[in-house]
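S.K.: need a 3D model of the following:
(one chain, ligands or ions: 1)
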Amino acid sequence: MLSPATLLIITALLCTMMLLVMLSLRRSRLPGIREWTWAIILEIVALGCYLCQNAAPMVIGYVLANSLIALAICLFYAGCRRFFRLEVPWTGMIATVALVAVVIPVLRYPVDYMNLRVAFMSVVHGIISTMIAYTIIKYRPAYRATHGHMLTAVLALVFAIGYAIRGVVYLHRPDNTPLLVDGSIINLIFLSLGALIMPGLTMGAVVMTHDTLLSQAEAIANRDFLTGVLSRKAFIEQAQREMARASRYGRALALVMVDIDHFKAINDRYGHPTGDAILRDFALLAEASVRDGDYIGRLGGEEFGILLPDSAGPAAAVMAERLREQVAARRYRAGEQIVRYTLSAGMAVWQPGETIEDFVARSDYWLYQAKQSGRNRVQGDPAT
Ligand SMILES: Nc1nc2c(ncn2[C@@H]2O[C@H](COP(=O)(O)OP(=O)(O)OP(=O)(O)O)[C@@H](O)[C@H]2O)c(=O)[nH]1
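M.R.: Residues are numbered from 1 along each chain as shown. Okay, the predicted model is just below:
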């Protein structure tokens, strides 16, 4: 049968493995990793102190061990707050650890109120585990699947409930056998719960970190770094998905190609950084001008694509013309100077069976025509 001491040794090994995984994530520089790393280090040290309970001075086996355990769970909570870029309530956390450091010796000397100590520590763990679960559920990203976050929150809740039960059970425990000696099944179950909390939560933190890193990598791959609109690759992929949808449901789909006029001259006259700022300015104007569900992508230097699902020619022409007018009326302030710019646009409505290359080429053709006939205008296929 597993003894309490063996359980603690296994936990310490588990924590060490989770520490190595956590250390491997430090390079990501995500907030929260440092606090989570310290939490697991302190947990390992606390387990060492517990194991020495019979050999070491009482202050190490009881006061230091419990204070470190409390500090570890507080630091894990701090890591969660930092992960979501929230303020960390350091004062409350220091007060909690100080309370543990005071209450534990009071419940140990001169009379050993062991069951009361266990109940007290269970309350501390239960409250902080609930706060961890609440923080993760409340602040998890709303715009994507968050299985890793939910896993961690559910784990924290399970631990909170387990600690609540443990507190109640130990308050009603008839004998006062020390936990490290008590080989009863109920003690082993509760010890396992306490032993698993830090490696379990750390595993959840690792999954949340991976999830965040993956979504950051996706954003980098799919977004144009200068303007924040879709990259060329992501825009073309989206256009292909919308073409399939238009084909399946017999819906309209329009593509407007936009090119800022005489952009080279803007760069030459005001400098490259101002040219960059104009590209960002245009992207902001375009984003404000399209409907939810439309897509904007930067296809090359100063060329953008706007994809309008469920829009036939007239609706797309109205949108393109409105954007052209807004840009022509725009006075962009760059330091002391006011920069004015215009755009040319070519528009095409997707024809069933048409490939993405032909669709883009048709819009490009009309963009070329708009440039040739004097710029600052929108042109499109007369059939649309
Ligand atoms: N500032 C800035 N300039 C860029 C960027 N990408 C491309 N360009 C510049 O955009 C300019 C495009 O010039 P052209 O292709 O001659 O086109 P244009 O001057 O806009 O002339 P038309 O399109 O015929 O009206 C080039 O000078 C590129 O160096 C960028 O990311 N930032």
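S.K.: closest residue of the stretch 51-200 of the chain to the ligand?
M.R.: Of all residues in the stretch 51-200 of the chain, the one sitting closest to the ligand is Tyr143 (27.4 Å; CB to the nearest ligand atom). From N, CA and C alone the C-beta is placed, and that goes for glycine too.
S.K.: that should have said the stretch 1-150 of the chain, apologies.
M.R.: Of all residues in the stretch 1-150 of the chain, Arg29 sits closest to the ligand, at 26.9 Å by CB to the nearest ligand atom.
S.K.: so what's the residue count around that residue?
M.R.: 8 (other CB atoms under 10 Å).
S.K.: contacts for stretch 187-195, please.
M.R.: 2, 4, 7-8, 10-11, 14, 125, 159, 162-163, 166, 169-170, 179 (CB atoms under 8 Å, 6 or more residues apart in numbering).
S.K.: then the strand or helix carrying Leu299 to PDB, C-alphas only?
M.R.: Assigned by DSSP states H and E, Leu299 falls within strand 295-300. The C-alpha coordinates for strand 295-300 follow below in PDB (Å, rounded to 0.1, in the frame of the first residue of the first chain):
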ATOM      1  CA  TYR A 295     -12.600  41.000 -45.700                       C
ATOM      2  CA  ILE A 296      -9.600  43.300 -46.400                       C
ATOM      3  CA  GLY A 297      -6.200  42.000 -47.400                       C
ATOM      4  CA  ARG A 298      -2.900  43.700 -48.400                       C
ATOM      5  CA  LEU A 299      -1.900  41.900 -51.600                       C
ATOM      6  CA  GLY A 300       1.300  43.800 -52.300                       C
END
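S.K.: what mean pLDDT does that strand have?
M.R.: Strand 295-300 carries an average pLDDT of 94.
S.K.: any idea how far the next helix or strand after it is from the chain center?
M.R.: Later in the chain than strand 295-300, the nearest helix or strand by DSSP H and E is strand 303-309. Strand 303-309 sits 28 Å away from the centroid of its parent chain (CA atoms, centre = their mean, to the nearest Å).
S.K.: next, the angle from the following helix or strand past strand 303-309 to strand 303-309.
M.R.: Following strand 303-309 in sequence order, the next helix or strand is helix 313-329 (DSSP H and E). For helix 313-329 against strand 303-309, the angle by axes from the mean of the first three to the mean of the last three CA atoms, to 10 degrees is 140 degrees.
S.K.: so Gly300 sits right up against Ser231, yeah?
M.R.: No - contact criterion CB atoms under 8 Å: Gly300 and Ser231 do not qualify, at 10.9 Å.
S.K.: between the two, who's got more neighbours?
M.R.: A direct count of neighbours by other CB under 10 Å for Gly300 and Ser231 places Ser231 higher, at 18 against 9.
S.K.: these two touch, right, that one and Ala219?
M.R.: No - shown here, Ser231 and Ala219 do not form a contact pair, counting by CB under 8 Å, at 10.1 Å.
S.K.: report how many residues lie close to Gln372.
M.R.: Residues lying near Gln372 (other CB under 10 Å) number 10.
S.K.: need phi/psi at it.
M.R.: Per-residue torsions, Gln372: phi -60, psi -30 (degrees, to the nearest 10).
S.K.: state the distance from it to the ligand.
M.R.: Between Gln372 and the ligand the computed distance is 9 Å (CB to the nearest ligand atom, to the nearest Å).
S.K.: for the host helix or strand of Lys371, packing partners?
M.R.: Using DSSP H and E, Lys371 sits within helix 356-372. Packing contacts for helix 356-372, counted by 3 or more CB pairs under 8 Å, 6 or more residues apart in numbering; DSSP states H and E, involve helix 232-249, strand 253-260, strand 343-349, strand 378-380.
S.K.: now these in TSV, with mean pLDDT and mean neighbour count?
M.R.: TSV is the format used below for those (pLDDT from 0 to 100; neighbours: other CB atoms under 10 Å):
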stretch	mean pLDDT	mean neighbour count
helix 232-249	93	15
strand 253-260	95	25
strand 343-349	94	26
strand 378-380	91	23
